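Q: give me a model of this one.
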Amino acid sequence: DSYALSQVAGVPLPPFVYSHLCSMSIRATEQVAAHSDANNLPVIVLSHGLTALPICYWSIVGALVRAGYVVVMPTHNDGSAAHVALQDGTTLPYETEVTVCSRAGHDMASKEYKDSHESEIESTMKAYRCGQLRRRAAELSCSLDYVLSDEAAAAGGGWSVDPHRVAFVGHSFGGATALLASELDHRAACCVCYDPWVEPQHPVHQKYQQAGMRRCAGLHLICSDWEGGVVDRNLSAMLSEHRLHSNSRRRVLPDTAHQSYTDFALLAPIVLRKLGMLGAAESRPMIRTIVEETLSFIAEAMEPPAQL
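A: Purely as a prediction, here's the structure:
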């Protein structure tokens, strides 16, 4: 996992730094018996970012579990993860722009061709990302199907989950995934999106954005580095034009950058700040803030309506 991340992730760190991700300790224990009160637990389905893996988010995942949530985090099988180890022993690598566009017939080995066909290559990638996003959203729903099944309850030692208290959460490409999944899956009570990659025309297809994505409330956390950028402007427009749920919110996290949500912020903060990938905010307190905002919003969204 660490080597695959070092080859494709958007954080230019040497492989030995990535290797520490696999060694990070979190306050969790494997294969423990279910607590006697582990009934009707709320569920969070969490989607990782482009080129990332679940291990990039252990700190947030661990905090959500300690708060009493069942957290499900699939490794996406659409070519957007750093790599996926398949059941037959083979590995599905990250699908690079070169791989995708070469398969579509573009001559990616020729600089002259790429320069003269820049718009066509961009269109190919946008269409591919839209397709990936639809599959990712379906994978979140399939993951939820399993958690709600009798098989999962038996494997977990008898705990049960509440199908009416489900939240989709995600970072970057995963934030866009959580937004789309919460629109398409009626079981979602809300979504929380960290720097969701939602530009005006992709990767969330324009038809969804223009029609509106109002099925449930969403919390959209934006790093200060992205404030006023294309994603922030698009989300702000969707909110002001009432194309998102009326209880949806946007909040800018001060002194942050796109990696402030991941464990890279804890592993190599000095290096990331020098690279401009991490804001001035201290990493551990900021992750606590992100978790607190997430939990507060989800708890509010999952509250039953007041009886008149």
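
Q: okay, helices next: where are they in the stretch 1-150 of the chain?
A: Counting by DSSP state H, counting those that start in this stretch, the stretch 1-150 of the chain has helices at residues 2-8, 15-19, 58-66, 97-103, 111-116, 118-147, 150-155.

Q: nope, the stretch 201-308 of the chain is what I meant
A: Using DSSP H, counting those that start in this stretch, the helices of the stretch 201-308 of the chain run over residues 206-211, 230-240, 264-267, 269-274, 283-302.

Q: could you save those as TSV and add columns showing distance to residue 71?
A: C-betas here are computed from N, CA, C, even on glycine. TSV is the format used below for the helices of the stretch 201-308 of the chain (distance: least, Cβ to Cβ, whole Å):
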stretch	distance to residue 71
helix 206-211	26
helix 230-240	25
helix 264-267	18
helix 269-274	25
helix 283-302	11
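
Q: closest to residue 145 out of those?
A: helix 283-302 (19.7 Å; Cβ to Cβ).

Q: can you pull the buried residues of that closest one?
A: By neighbour count on 16 or more other Cβ atoms under 10 Å, the buried set for helix 283-302 is 283, 286-287, 289-291, 293-295, 297-298, 301.

Q: same deal with stretch 97-104?
A: Residues of stretch 97-104 classed as buried: 100-101 (neighbour count, 16+ other Cβ under 10 Å).

Q: export it as PDB, just CAs?
A: What follows is stretch 97-104, C-alpha atoms only, in PDB (Å, rounded to 0.1, in the frame of the first residue of the first chain):
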ATOM      1  CA  GLU A  97      -4.200   9.900 -17.600                       C
ATOM      2  CA  VAL A  98      -1.800   8.100 -20.000                       C
ATOM      3  CA  THR A  99      -3.500   4.800 -19.500                       C
ATOM      4  CA  VAL A 100      -7.000   6.100 -19.900                       C
ATOM      5  CA  CYS A 101      -6.400   8.300 -22.900                       C
ATOM      6  CA  SER A 102      -4.200   5.800 -24.700                       C
ATOM      7  CA  ARG A 103      -7.000   3.200 -24.400                       C
ATOM      8  CA  ALA A 104      -9.300   5.900 -25.900                       C
END
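
Q: who's in contact with that stretch?
A: Residues from elsewhere that reach stretch 97-104 (Cβ atoms under 8 Å, 6 or more residues apart in numbering): 79, 108, 121, 124-125, 128.

Q: determine which two of the buried residues of helix 283-302 are furthest apart.
A: Pairwise over the buried residues of helix 283-302, using Cβ to Cβ, the maximum falls at 283 and 301, 27.0 Å.

Q: ok so, going back, reformat the contacts of stretch 97-104 as JSON lines; add neighbour count.
A: Listed next are the contacts of stretch 97-104 as JSON lines, based on neighbours: other Cβ atoms under 10 Å:
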{"residue": "79", "neighbour count": "19"}
{"residue": "108", "neighbour count": "18"}
{"residue": "121", "neighbour count": "18"}
{"residue": "124", "neighbour count": "18"}
{"residue": "125", "neighbour count": "16"}
{"residue": "128", "neighbour count": "20"}
